[in-house]
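>>> Sequence first, then the predicted structure, then my questions.
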Amino acid sequence: MSKNKRTSGRAEPPCDLHDPDDGLDSRERSKRHGGERRDHRKTGQLCRQVFRALSLALSELESGSSWAWGLTVDAVDPAPNAARLRVTISFGGTRALDEALEALCRLQRLSGRLRAEVAASITRKKAPELIFELAAPEEVSHG
């Protein structure tokens, strides 16, 4: 038998712990896991870009509209993936809940314009859909 021939029997792994990836080509395993990390990194990058673009757009909106005063973007998260992004908005100052809800409705009506501004600032084939929601009110401490 020549030295270059492989044996047909499968050897046991060198440890007692078995992994679902045992016996797989390590190149394929790294491609599979690397792709997940790359996708997660790209989604995070997109969320940060959208965060900056919306923050700028809302600051411009704030200067021209009294209802938009104090609007801030708290977070941008995938919902459930990068095709749809959940934008969490908070309102500065002392606002009544009905004023905050009215501002949220106006934002939802302006979502097409805001999406166009986001599309101009990012480089993707399709701009993500934007879903706006209010940030949870902060707990008041009774101390």
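Structure's in. What do you need?

>>> any idea how far the closest residue to residue 71 other than its chain neighbours lies from residue 48?
Closest residue to residue 71 apart from its sequence neighbours, by C-beta to C-beta, 6 or more residues apart in numbering: residue 58 at 4.9 Å. Any C-beta I mention is one placed from the backbone N, CA and C, and that applies to glycine too. Per C-beta to C-beta, to the nearest Å, residue 58 is found 16 Å from residue 48.

>>> the more surrounded of the two?
The neighbour comparison of residue 58 against residue 48 (other C-beta atoms under 10 Å) goes to residue 58, with 21 against 11.

>>> hang on, the more buried one packs against residue 67?
No: judged on C-beta atoms under 8 Å, residue 58 makes no contact with residue 67 at a distance of 11.6 Å.

>>> for the chain, what spans make up the strands?
Remark: strands assigned in the chain by DSSP state E are 71-78, 84-91, 129-134.

>>> would you list those strands in JSON lines and tack on mean pLDDT?
Below are these laid out as JSON lines (pLDDT from 0 to 100):
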{"stretch": "strand 71-78", "mean pLDDT": "91"}
{"stretch": "strand 84-91", "mean pLDDT": "91"}
{"stretch": "strand 129-134", "mean pLDDT": "91"}
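
>>> Let me have those in TSV, extended by mean neighbour count.
Formatted as TSV, these follow (neighbours: other C-beta atoms under 10 Å):
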stretch	mean neighbour count
strand 71-78	18
strand 84-91	19
strand 129-134	16
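
>>> Please tabulate these in TSV, including the columns distance to residue 106.
Listed next are the strands of the chain as TSV, based on distance: least, C-beta to C-beta, whole Å:
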stretch	distance to residue 106
strand 71-78	10
strand 84-91	11
strand 129-134	10
